[in-house]
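Asker: what follows is a protein structure lacking sequence information:
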């Protein structure tokens, strides 16, 4: 499939499918929602065809700015007015409560969604390298 068709499907095509002529395009009367991608990202370079690189190589990590209704809500990759460290603390606290509740209720059905990916370290284990 041609890259320009993929980009069109993600923008104007998606808006048309929703019956929203005010989405998916930059023109008078449209919502003025758009994003700016960092073209200097290692994931996007070297650039031969910027549209192809955008469609096939970009990710959320390449987003520099997001504008919604003509207002910048993401600047240099950071959401305006959001303290990432504070959000992470709240998320961790919620996860800790969920883990405690799971263990308290005793939902032992042979599956522990909180089990460690690695075995617990044991001080009495000894390794020798030959």
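Answerer: On my side now, so go ahead. What you see is a predicted model; the values in this text were computed from it and never measured.
Asker: and the strands in the chain?
Answerer: With DSSP state E as the criterion, the chain has strands at 34-37, 63-68, 71-75, 78-79.
Asker: now do the third one and strand 63-68, the angle between them.
Answerer: For strand 71-75 against strand 63-68, the angle by axes from the mean of the first three to the mean of the last three C-alpha atoms, to 10 degrees is 160 degrees.
Asker: direction included, what does strand 71-75 pair up with?
Answerer: Here strand 71-75 is paired, per DSSP bridges, with strand 63-68 (antiparallel), strand 78-79 (antiparallel).
Asker: closest to residue 112 out of those?
Answerer: Closest to residue 112 of the strands paired with strand 71-75, according to C-beta to C-beta: strand 78-79, at 33.3 Å. In this view, the C-beta of every residue, glycine as well, is placed from N, C-alpha and C.
Asker: now do the closest one: distance to the chain's middle.
Answerer: 12 Å (C-alpha atoms, centre = their mean, to the nearest Å).
Asker: what's the mean pLDDT across it?
Answerer: The average pLDDT within strand 78-79 is 92.
Asker: quick one: contacts of it?
Answerer: Contact with strand 78-79 is made by 73, 84, as judged by C-beta atoms under 8 Å, 6 or more residues apart in numbering.
Asker: now residue 67: how far from residue 1?
Answerer: Using C-beta to C-beta, to the nearest Å, residue 67 is found at 28 Å from residue 1.
Asker: the two: which is more packed in?
Answerer: The residue with more neighbours, out of residue 67 and residue 1, is residue 67; 16 against 7, by other C-beta atoms under 10 Å.
Asker: could you export the strands paired with strand 71-75 to a markdown table, including columns for distance to residue 94?
Answerer: Supplementary listing: those in a markdown table, determined by distance: least, C-beta to C-beta, whole Å:
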| stretch | distance to residue 94 |
| --- | --- |
| strand 63-68 | 25 |
| strand 78-79 | 19 |
